[in-house]
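> Got a sequence here, can you model it:
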Amino acid sequence: MPQRTKRYLSLAEKRGPRTVAHPLREAVELVKQMARDWETVELSARLGVDPRKPEQNIRGTTTLPHGTGKTPTVVVIAHEGDLIKVAEEAGADFAGGKELVEKIQKEGWLDFDVVIATPQMMAEVGKLGRILGPRGLMPNPKAGTVTNDVAHAVEEFKRGKLEFRVDRTGVVHVPVGKAGFEVDQLVENVRHLVQELMRVKPAALSRAGYLKSLYLSATQTPSVKVDLREFI
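Prediction:
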């Protein structure tokens with residue numbers, strides 16, 4: 001267990017018992033009371049899935065109604081100079097070919113949030129699986145990050161499109177905005193995200209069997225449990 005700061009412990013006391021579930025709006029208000037405006041608010045959803053089974057390896061993309069409050073740094077790895085130029089014109093922060101693969105592989109460069117690759121480059125990008133995979137950065141066709149339409153992909157992610165995926169423990173962690181957002185904005189973002197998670201629910205699981213718990217927290221605050229009854 002990491003050592004908690006005095007501020008964290010004070011906030012945990014203000015929050016009350018972690019096991020108490022709060023209606024969504026109340027949970028959002030509580031997180032906002034504890035957090036500073038610049039802190040990222042994150043939703044952690046525990047799902048009743050086995051990620052080792054392909055049909056239960058939950059993954060998808062969505063665009064939150066009010067965005068995340070952050071403009072992501074986007075990298076494009078393309079096989080042609082023309083596509084590299086197109087990616088740069090669309091707003092990619094970095095665009096290139098094999099040299100970017102080598103930069104990540106040899107220099108440990110990871111100053112980005114999204115990696116988009118053309119299908120023709122995936123043999124090279126595949127070498128980065130052990131580096132990008134654990135960080136959720138590996139390009140994937142389902143996420144729209146393996147494509148030749150690099151301009152469209154860059155523009156979507158710059159507008160706020162984000163990827164969600166279940167980790168090996170069955171939990172999805174997704175940013176849903178900044179603590180400085182209005183309560184209604186955060187509530188709408190959370191509801192949208194939970195609806196997306198329910199949309200990709202495996203048919204064999206019931207709603208209650210699928211959605212096990214929801215917690216909201218900000219970058220430097222304790223988590224607040226959200227009552228599931230308004231979702232299932």
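> Would you agree V150 is in contact with V76?
Yes - between V150 and V76 there is a contact at 5.3 Å, judged by C-beta atoms under 8 Å. Heads up, the C-betas are built off the backbone N, CA and C, glycines and all.
> Touching both of the two, which residues are there?
Listed contacts common to V150 and V76 are L83, A87, A92, A95, I116; contacts here mean C-beta atoms under 8 Å, 6 or more residues apart in numbering.
> Show me which of those are buried.
Buried residues within the shared contacts of V150 and V76, counting neighbours by 16 or more other C-beta atoms under 10 Å: L83, A87, A92, A95, I116.
> Need these in CSV (columns: distance to L214).
Shown next, in CSV, are the buried ones among the shared contacts of V150 and V76 (distance: C-beta to C-beta, whole Å):
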residue, distance to L214
L83, 40
A87, 36
A92, 34
A95, 37
I116, 30
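> Which of these fall within helices?
Of the buried ones among the shared contacts of V150 and V76, the ones assigned to helices by DSSP state H are L83, A87.
> Distance to N57 and pLDDT added to the buried ones among the shared contacts of V150 and V76, as JSON lines?
Conversion of these to JSON lines gives the following (distance: C-beta to C-beta, whole Å; pLDDT from 0 to 100):
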{"residue": "L83", "distance to N57": "30", "pLDDT": "97"}
{"residue": "A87", "distance to N57": "29", "pLDDT": "97"}
{"residue": "A92", "distance to N57": "28", "pLDDT": "98"}
{"residue": "A95", "distance to N57": "30", "pLDDT": "98"}
{"residue": "I116", "distance to N57": "21", "pLDDT": "98"}
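> what bridges to the residue nearest the centre of the chain?
In the chain, the centroid-proximal residue (C-alpha atoms, centre = their mean) is V174; its distance is 3.8 Å. V174 forms beta bridges with L43, as assigned by DSSP bridges.
> Spell out which residues make up each domain of this protein.
The chain breaks down by automatic domain parsing into domains covering 17-68+162-230, 74-159.
> any chance of the ones you listed in CSV, plus distance to S10?
Converted to CSV, those look like this (distance: least, C-beta to C-beta, whole Å):
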stretch, distance to S10
domain 17-68+162-230, 9
domain 74-159, 32
